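Asker: heads up, no residue letters with this:
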């Protein structure tokens, strides 16, 4: 059985699941740039759609979707553990978040991709809109969007 078949996509529900989910977000998206614990969360967590990939009882990928207005959603905090990159797990999380947006009748998804992730999103139908912010004064991000 391959890894994808053993993996489960779900939303965290237990406190321990949320802890593992946020821990992965921090480890992948914040720790390498010496950002404090807690910087992997924001004020929209309680009103967002959270997805994580679990393999062998470990969270190996995650992402979050929240709604900007009646037609537009935003994906943030996409992360895949280093040992599981380029194995389809990010694609599965992205598809699950897109499905959640479609299920709620949203028409467009926006995101801000780090420079090294732009091609990942382009291959999945996202269009590059413009250069956006510089994260941590060193990581260039690009605004992208996809019509659902």
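Answerer: Sure, I can see it. Everything numeric here is computed off the predicted structure, so don't read it as measured data.

Asker: and the closest residue to residue 6 other than its chain neighbours, what are its bridge partners?
Answerer: Setting aside the residues directly before and after it, residue 6 is nearest to residue 55 in space (CB to CB, 6 or more residues apart in numbering), at 5.9 Å. For the C-beta atoms, the positions are set from N, CA and C on the backbone; glycine is no exception. Residue 55 has these beta-bridge partners by DSSP bridges: residue 58.

Asker: quick check: the gap between residue 55 and residue 124.
Answerer: 21 Å (CB to CB, to the nearest Å).

Asker: could you do residue 46 as well?
Answerer: From residue 46 to residue 124 the distance is 28 Å (CB to CB).

Asker: circling back: who has more neighbours, residue 55 and residue 124?
Answerer: residue 55 (17 against 14; other CB atoms under 10 Å).

Asker: give me the pLDDT value at the more buried one.
Answerer: The score at residue 55 is 93. That number is its pLDDT.

Asker: hmm, who's touching the helix or strand where residue 28 lies?
Answerer: Residue 28 belongs to helix 15-29 when assigned by DSSP states H and E. By CB atoms under 8 Å, 6 or more residues apart in numbering, the residues outside helix 15-29 that reach it are 12, 35, 37, 39-41, 50, 52, 58-62, 77, 79-82.
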